[in-house]
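Participant: fold the following, please.
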Amino acid sequence: MKGHFRHHRVCRKARGGAKDKRGQIPDRKLTDTRSAIVDKNIRAGDWEADTMEGAGKTAYIAAFVDKTTKLLRGKVMPDKTAATLNKAAIRAFRSIPDEYIKTVTVGNGKEFSGHKGLAQSLGCEIYFAHPCHSWKRGLPGRGSGLNEHTNGLIRQYLPKGTSFEGLTQTA
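Facilitator: Sure, this is the predicted structure:
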């Protein structure tokens, strides 16, 4: 089998060693544990969330997209801390009726480390994509990447290297 590889050698696996605990978010629920109805994309209220950073890391955008209706709720943030993200999310969902906030699926960024408080404030469940697989927030195994696609659409108007500092919620 290894003769078919370009370098004719078998990939090596890391052995043992200490696991890095710095980047792990405690008590997170992975997408595998979501209800099956979330994966079918047939009800409104199942959201994907992500953040985008502006030039110089001076401002950020938190983007929340409903998987079924494709409704986008975005908020500008001055920093990417968990507390700031939670406030932005609560503001983003303020005008959405509670029955349309059932689940939020996020990546593994540190800005989502306050997920327990956010879930309690919004009255929903928060799920995390598998590490290094943020595009799989949508459908397990297939990865719809709706939020990644939406971020790409936003980047058409706010390309990388654009500062978000001057943005307002009405702009």
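Participant: the protein: helices as residue ranges?
Facilitator: 36-40, 82-92, 115-122, 146-157 (DSSP state H).
Participant: residues near residue 121, how many?
Facilitator: Using other Cβ atoms under 10 Å, residue 121 has 14 neighbouring residues. (C-beta placed from N, C-alpha, C; glycine too.)
Participant: per-residue pLDDT, it?
Facilitator: Residue 121 is assigned a predicted lDDT (pLDDT) of 96.
Participant: skipping adjacent residues, who's closest to it in space?
Facilitator: residue 90 (5.5 Å; Cβ to Cβ, 6 or more residues apart in numbering).
Participant: so who does the one you found touch?
Facilitator: 118, 121-122 (Cβ atoms under 8 Å, 6 or more residues apart in numbering).
Participant: any weak-confidence spans in this protein?
Facilitator: The chain contains residues with pLDDT under 70 at 1-23, 132-144, 171.
Participant: which residues in the protein form strands?
Facilitator: Using DSSP state E, the strands assigned to the chain run over residues 29-30, 46-53, 60-66, 72-77, 103-106, 125-128.
Participant: okay if I get those as a markdown table plus mean neighbour count?
Facilitator: As requested, the strands of the chain are arranged in a markdown table below (neighbours: other Cβ atoms under 10 Å):
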| stretch | mean neighbour count |
| --- | --- |
| strand 29-30 | 14 |
| strand 46-53 | 23 |
| strand 60-66 | 22 |
| strand 72-77 | 18 |
| strand 103-106 | 24 |
| strand 125-128 | 20 |
